[in-house]
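Trainee: Have a look at this prediction, sequence included:
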Amino acid sequence: MTLRTHSIDEVPFMTVGRAGGRIKTGLYVNGNGSPTTRVGLTAMEIMGVSNESWGTRSLETSKVISDILA
């Protein structure tokens, strides 16, 4: 069993602005147990920084939060 001490569930995150149209606004996204590192990876993707993954051990992810990408 993988124990994640920091998941997106019940932790509010928000974006401010639209990043020049690269972010969809007015959405609620359910984290479904995803690691919080998905937020950082998504922010990097929005800013044009390409990384295959972000985080370490049980918090490593290679998935952006595609629901907010325009």
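Mentor: Ah, there it is.

Trainee: how about stretch 55-65: buried residues?
Mentor: Of all the residues in stretch 55-65, those buried under the rule 16 or more other CB atoms under 10 Å are 55, 59, 61, 64-65. (C-beta placed from N, C-alpha, C; glycine too.)

Trainee: is it possible to export those to TSV including distance to Thr37, pLDDT and secondary structure?
Mentor: TSV is the format used below for the buried residues of stretch 55-65 (distance: CB to CB, whole Å; pLDDT from 0 to 100; DSSP: H, G, I helix; E, B strand; the rest coil):
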residue	distance to Thr37	pLDDT	secondary structure
Gly55	3	92	coil
Leu59	5	88	helix
Thr61	5	95	strand
Val64	11	95	coil
Ile65	11	94	coil
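
Trainee: And those, which is closest to Ile46?
Mentor: Using CB to CB, Val64 comes nearest to Ile46 of the buried residues of stretch 55-65, at 8.5 Å.

Trainee: Tell me, how many residues neighbour the nearest residue to the closest one once chain neighbours are set aside?
Mentor: Spatially, and ignoring its direct neighbours in sequence, Val64 is nearest to Thr42 (4.3 Å; CB to CB, 6 or more residues apart in numbering). Look at Thr42: counted by other CB atoms under 10 Å, it has 22 neighbours.

Trainee: Ok, Trp54 next?
Mentor: Using other CB under 10 Å, Trp54 has 22 neighbouring residues.
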